[in-house]
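Chemist: Starting from these lines, generate the structure:
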Amino acid sequence: MVEMFMSVLDTVLYDVVQICTTFLEFFGIVVLMATALKCFYCWVKKNTQSIRMDLAQGIALALEFKMGGEVLRTVVVREWSELGILGAIIVLRAMLTFLIHWEIKNEKNEG
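Modeler: The predicted structure follows:
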């Protein structure tokens, strides 16, 4: 009885994590696309004052959503090889986010 209950809970947890991960990654895509379209529109209108900053901030926010999805995915990892791949993805995205934030900070200091 307990084993069946634990199996059902495991399945429910896996499904909830998959749905939440999908939503987080979708939000990241939406943020990135909205930012890119906005910046492209500003570039076409020759309003190039803050395009780089806006684009960098949008990319950073999108990466945060994507990284949140990856962190959430670690909850249901079943094998060490999967955990290693997820860890590498998280580290790469964290480094990208750090570099983008560093660039934003330097751009603000220059401007």
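Chemist: Quick one: list the elements packing against the lengthiest helix in the chain.
Modeler: As assigned by DSSP state H, the longest helix anywhere in the chain is helix 2-44. In terms of contacts (3 or more C-beta pairs under 8 Å, 6 or more residues apart in numbering; DSSP states H and E), helix 2-44 is packed against helix 51-73. From N, CA and C alone the C-beta is placed, and that goes for glycine too.
Chemist: Show me what counts as buried in the helix or strand that the helix it packs on is followed by.
Modeler: Next in sequence after helix 51-73, counting helices and strands by DSSP states H and E, comes helix 80-110. In terms of neighbour count (16 or more other C-beta atoms under 10 Å), helix 80-110 has its buried residues at 89, 90, 93, 97, 100, 104.
Chemist: Direction-wise, compare helix 80-110 with helix 51-73 and give the angle.
Modeler: Counting by axes from the mean of the first three to the mean of the last three C-alpha atoms, to 10 degrees, helix 80-110 points 160 degrees away from the direction of helix 51-73.
Chemist: any idea of the mean pLDDT in helix 80-110?
Modeler: If you average the pLDDT over helix 80-110, you get 87.
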